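**Q** can't give you the sequence, but here's the structure:
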DNA sequence: ACGATTATTGCGTTCTT
DNA sequence: AAGAAAACAATAATCGT
């Protein structure tokens, strides 16, 4: 029996793991990790389907090659290590008789009771389910969902839960990860998905941020360009130019205090105009959930920047 | 001439600092 | 608390058909 150290990780050959290439959206780095292929800049996910294949483990001696279980995950309260008792077939795949079925059902029931050993664990399970629900409602990538779950764990470990609702902290965890990983979602996007008021989520996020010292960079309008561009069906060229305009405007310092999505909409509108692509102010504004006046205002400030 | 889009202005509200 | 920003509304101008 080889020791764990003698194992080496083996991945599929058809994917270049851990490599980067330029992003078609924003020119940033598209990085293929163990769980997905996504742009580190704009968050564009190109492929997060090969997650479930999981890593395989191979002994130095190829003879004894065997597959290990799924990778550990932060998304389940037991990190995915719990035993599942099936009900349909036995290990050989044969049908089970009724009596055995009943016995298995009983075992399953008992085990599921035993699985939630403590109140703490129940809370964790509840929180993680909530994190997952909100995260998938936002359409976050697998790696981001994973990080959100991890953040919730950290919050619980830091004793931030007592006195606050789990739902609030779960939503706050999702939002915190959105902020830290540059996702184009604001509090106004996350809070309505929570089962508690926005004020609660904000409160939970505040303690999360101060107690844990989250590395939260300021939101940049360029983060919203890809999503809005996709929603509006803009061409690649328009999207690229809009992203460029956005960063240009940030450098010029005309974006402080403004709604980033609204500004991104203005960038897209400007870019579309300059390339004679059809995009009305009304549509751009609607995508960013702002009014046409806002788009116009920012268009004007963009004009002063670009000269 | 007509509808759609864009501009302009003022004003009460909401948000940022 | 002061000031900026975004929303709302009314109205006019421009453009393509």
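**A** Received, thanks. This one's a predicted model, so the numbers in the text were calculated from it and none came from an experiment.
**Q** how about the residue of the stretch 51-200 of chain A found nearest DNA strand C, what does it touch?
**A** Using CB to the nearest atom of the strand, residue A:188 is the residue of the stretch 51-200 of chain A that sits closest to DNA strand C, at 10.2 Å. (C-beta placed from N, C-alpha, C; glycine too.) Neighbour list for residue A:188: residue A:198 [criterion: CB atoms under 8 Å, 6 or more residues apart in numbering].
**Q** which element is it on?
**A** helix A:187-190 (DSSP states H and E).
**Q** right, is that helix up against DNA strand B?
**A** No: residues of helix A:187-190 contacting DNA strand B under CB under 7 Å from any atom of the strand: none, with a closest distance of 8.0 Å.
**Q** Buried ones in that helix, by neighbour count?
**A** A:187, A:189, A:190 (16 or more other CB atoms under 10 Å).
**Q** same deal with stretch A:233-243?
**A** By 16+ other CB under 10 Å, the buried positions in stretch A:233-243 come out as A:234, A:238, A:239, A:240, A:241, A:242, A:243.
**Q** before we move on, back to that, quick one: which of the buried residues of helix A:187-190 is nearest DNA strand B?
**A** Proximity of these to DNA strand B was ranked by CB to the nearest atom of the strand; the top entry is residue A:187 with 8.7 Å.
**Q** Isn't that closest one up against residue A:201?
**A** Yes: using CB atoms under 8 Å, residue A:187 is in contact with residue A:201, at 7.1 Å.
**Q** now the strands: where do they sit in chain A?
**A** A:8-10, A:20-22, A:29-32, A:37-39, A:45-47, A:56-58 (DSSP state E).
**Q** what number of residues lie near residue A:119?
**A** 8 (other CB atoms under 10 Å).
**Q** typo on my end, it should be residue A:287
**A** 22.
**Q** if we can go back for a sec, I'd like the buried residues of stretch A:233-243 written out as JSON lines, with pLDDT added.
**A** Formatted as JSON lines, these follow (pLDDT from 0 to 100):
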{"residue": "A:234", "pLDDT": "93"}
{"residue": "A:238", "pLDDT": "95"}
{"residue": "A:239", "pLDDT": "95"}
{"residue": "A:240", "pLDDT": "94"}
{"residue": "A:241", "pLDDT": "95"}
{"residue": "A:242", "pLDDT": "96"}
{"residue": "A:243", "pLDDT": "95"}
